[in-house]
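Below: sequence and its predicted model.
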Amino acid sequence: MTGILIAFAVVAVIGLICAVLLALAAHFLSVPEDENVQQIRDCLPGANCGACGYAGCDEYAKAVAAGEAATNLCIPGADAVAAEVAGIMGTEAMDVVEMIAHVRCNGTCTATDTFADYQGIRSCAAMSMIYGGPNVCKYGCLGCGDCAAVCPNDAICVIDGVARINAKKCIGCGLCAKNCPKGIIEIIPQISTVAVACSNLEKGAVARKKCKNACIGCKKCELGCEQKAITVQNNVAVIDYDKCNGCNKCAENCPTKCIKTLVG
Amino acid sequence: MDAFKSLIIILMSSVLVNNYVLSRFLGICPFLGVSKKLNQAVGMGIAVTLVMVVATAVTWPIQHYILNVFDLGYMQTIVFILVIASLVQLTEMMLKRYIPALHKSLGVYLPLITTNCAVLGVTIDNITEHNFNFVESLVNSLGCGLGFLLAMVLFSGVRSRINDSEIPESFKGLPATLIAASFVSLAFFGFAGVVDKLFA
């Protein structure tokens, strides 16, 4: 009995001495941190999504406090956070361009088909390594939800074999776009009214045979656009959101309805 | 003179023959993690050397004047881990205060010295395996730290060569690094027996 008491006492005393030493060291050797960093860090959302281009909210706060980064880079935080950060830094508040994710594919179960039965790991990354996935369209969404898995805000769900973005929940961080092995998720301004839902770069007839909803590169949208905002590049329509005025004509003209009108 | 010679032998053999990383395979985590760049490797090596020597200077008296007196040899591991963890924390604070650049470049690996088995291994070996006296223990720890530093520096050189060469796809990254580490380790086995003959 005394043995265990002595052991207990000895370890406790050694631990206590170490603790006191560390506490003293923490007091005397502490490095004064820029108090702006802590303030900025407190008003950031803390999702560590990386949309600002820094490794996380901590790194971004440090960069802002050091004057290396602009105050309006936090996309999830939007205008409210930008105004707060600018307030702490004593600069004028700048507008944040709110962004939203959009999946450039509409190859639902009824519109397209598979050429093989995939039975491996349920992950788009693994799937795309084997002949580019089991879909006949090599460009389209694989529907395993790698994007949904990384989404910090549960804004993505896979419906009918295609990932869908919930516009109300999406914070525009871009994590899904980085993790999509097909690279078909684009980050577009939240105010956009139209978006192209196809990524197939094959010629119209080939693409159409593989998927009923494919862009066939007919250029009807390009000819109808007064702003010259939409062009067909590599057999697929691409919208320049800097020029688009949201007139919605391209979506109305599209024969395969692969240009979508975005709601909300 | 004999005492001095035996210290030299202890130092040389712990640097070359009983190299903790390459012959005894302790402390592999920082060896693989921080050896990408030469300056980081040197920083890590110096930090480990420092922690090893200081840890020995503290743990040797604890073992002989506290644990042995109270017949608590079985508490060695726990007490040593406790002391080493505190020392690493202390080292980190000092680095952050006085050499912030090094502190930043070492990053997460500095707290990892806390659980670096090489540090714990040296302090325990000094007592149980070699039964060194205080000065010999310090010299042995210094040697082990320098050996770690040497291994880190050599291997960071090897790794920069690996980065520049064309490697088959399947060996890229960790596989090539591990194979290279085994070659460097094999090379160090060539030192076995050299030290004894040098000073004979």
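Yes, it's here. Residues are numbered from 1 along each chain as shown, chains lettered A, B, ... in the order given.

Give me the average confidence score over the lengthiest helix in chain A.
In chain A, with assignment by DSSP state H, the single longest helix is helix A:2-28. Averaged over helix A:2-28, pLDDT sits at 88.

so the residue in chain B that chain A sits nearest to is in which element?
In chain B, the residue that lies nearest chain A is B:Ser86 (3.7 Å; CB to the nearest CB). C-beta coordinates here come from the backbone N, C-alpha and C atoms, glycine included. Secondary structure assigned from DSSP states H and E places B:Ser86 in helix B:76-98.

Restricting to C-alpha, output the next helix or strand after that helix in PDB.
Using DSSP H and E, the next helix or strand after helix B:76-98 towards the C-terminus is helix B:100-106. Below are the C-alpha coordinates for helix B:100-106, written out as PDB (Å, rounded to 0.1, in the frame of the first residue of the first chain):
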ATOM      1  CA  PRO B 100      10.700  32.500 -34.700                       C
ATOM      2  CA  ALA B 101      11.800  31.600 -38.200                       C
ATOM      3  CA  LEU B 102      13.000  28.100 -37.100                       C
ATOM      4  CA  HIS B 103       9.900  27.700 -35.000                       C
ATOM      5  CA  LYS B 104       7.700  28.400 -38.000                       C
ATOM      6  CA  SER B 105       9.600  26.100 -40.400                       C
ATOM      7  CA  LEU B 106       9.600  23.200 -37.900                       C
END
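
got a list of contacts for helix B:100-106?
Under the contact criterion CB atoms under 8 Å, 6 or more residues apart in numbering or on different chains, helix B:100-106 has outside partners A:Val31, B:Val34, B:Asn39, B:Gln40, B:Gly43, B:Met44, B:Ala47, B:Glu92, B:Leu95, B:Lys96, B:Leu110.

Among those residues, name the buried ones.
Buried subset of the contacts of helix B:100-106 (neighbour count, 16 or more other CB atoms under 10 Å in any protein chain shown): B:Val34, B:Gln40, B:Gly43, B:Met44, B:Ala47, B:Glu92, B:Leu95, B:Lys96, B:Leu110.

In chain B, where is pLDDT below threshold?
Applying pLDDT under 70 to chain B picks out residues B:1, B:105-109, B:200.

Quick one: neighbours of A:Ile40, just the number.
25 (other CB atoms under 10 Å in any protein chain shown).

quick one: contacts for the closest residue to A:Cys141 other than its chain neighbours?
In space, and not counting its chain neighbours, A:Cys141 is closest to A:Cys105: 4.1 Å by CB to CB, 6 or more residues apart in numbering or on different chains. A:Cys105 sits next to A:Tyr139, A:Gly140, A:Cys141, A:Val162, A:Ala163, A:Lys182, A:Ile184, A:Ala197, A:Cys198, A:Ser199 when contact means CB under 8 Å, 6+ apart.

Got the confidence number for the residue of the stretch 151-264 of chain A found nearest chain B?
Nearest residue of the stretch 151-264 of chain A to chain B: A:Pro181, at 17.4 Å (CB to the nearest CB). For A:Pro181, the model assigns a pLDDT of 92.

The one 3 residues further on too?
Model confidence at A:Ile184, given as pLDDT, is 93.

Let me see the contact set for it.
With CB under 8 Å, 6+ apart as the criterion, the residues that contact A:Ile184 are A:Val103, A:Arg104, A:Cys105, A:Tyr139, A:Gly140, A:Cys141, A:Ser199.

any idea how far B:Val83 is from the residue of chain A found nearest chain B?
As assessed by CB to the nearest CB, chain B sits closest to A:Cys18 within chain A, at 3.7 Å. According to CB to CB, to the nearest Å, A:Cys18 and B:Val83 sit 7 Å apart.

before we move on, what about B:Leu198?
Distance from B:Leu198 to B:Val83, counting by CB to CB: 35 Å.
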